[in-house]
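Colleague: Output the structure for:
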Amino acid sequence: MPLSVQFMLLGFCIATGFVSAGLAGSLYQLVTSEPARFRLLGPSVPAVFLTFLFCAVSGPFIIMRNAIAMARKEADMLVWLLGSALIAGMWSACSGLLLLDFVLAARAGL
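Modeller: As a prediction, this is how the structure comes out:
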């Protein structure tokens with residue numbers, strides 16, 4: 001497979017992961033009227049499991065929202081913003097790849 005096609009697939013995985021993170025974070029904010037954060041949703045075992053799943057999906061959105069908010073407060077935050085974008089991009093690529101794999105497996109099973 002040519003390298004250009006591999007980069008396009010990587011970009012598609014990153015976009016898929018970040019869009020799913022944004023949808024999950026925005027849905028959480030719509031339901032609870034507070035922004036998504038890295039914190040436990042409750043003390044029970046199912047709540048901890050749900051927190052893990054939620055943070056795994058919405059993590060890139062939370063990271064970038066917090067990084068942009070910090071960059072607006074302080075002037076010299078370009079390195080921090082680029083580092084956050086790199087982490088969120090890699091996280092989005094991984095979660096997007098898992099999500100696309102799940103969708104394709106579900107489609108093949110129909």
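Colleague: So which bits of the strand or helix carrying Ala69 are buried?
Modeller: Here Ala69, judged by DSSP states H and E, is contained in helix 45-73. The neighbour-count check on helix 45-73 (16 or more other C-beta atoms under 10 Å) flags 54-55, 57-65, 67 as buried. Using the backbone N, CA and C atoms, a C-beta is placed for each residue, glycine as well.
Colleague: so what's Thr81 up against?
Modeller: In this structure residue 81 is Leu, not Thr. 67-68, 70-71 (C-beta atoms under 8 Å, 6 or more residues apart in numbering).
Colleague: Run through who's touching stretch 36-44.
Modeller: 24-25, 28-29, 47-48, 50-51, 54-55, 58-59, 61-62.
Colleague: before we move on, the earlier item: just the closest of the contacts of Leu81 to Glu34, please.
Modeller: Closest approach between these and Glu34, by C-beta to C-beta: Ile68, at 17.7 Å.
Colleague: Make sure Phe60 is actually in contact with Gly96.
Modeller: Let me fix one detail, which is that residue 60 is Pro and not Phe. No. Judged on C-beta atoms under 8 Å, Pro60 makes no contact with Gly96 at a distance of 9.4 Å.
Colleague: The closest residue to Thr51 other than its chain neighbours - how many residues pack around it?
Modeller: Excluding its sequence neighbours, the residue lying closest to Thr51 (C-beta to C-beta, 6 or more residues apart in numbering) is Leu41, at 4.6 Å. By other C-beta atoms under 10 Å, 16 other residues sit near Leu41.
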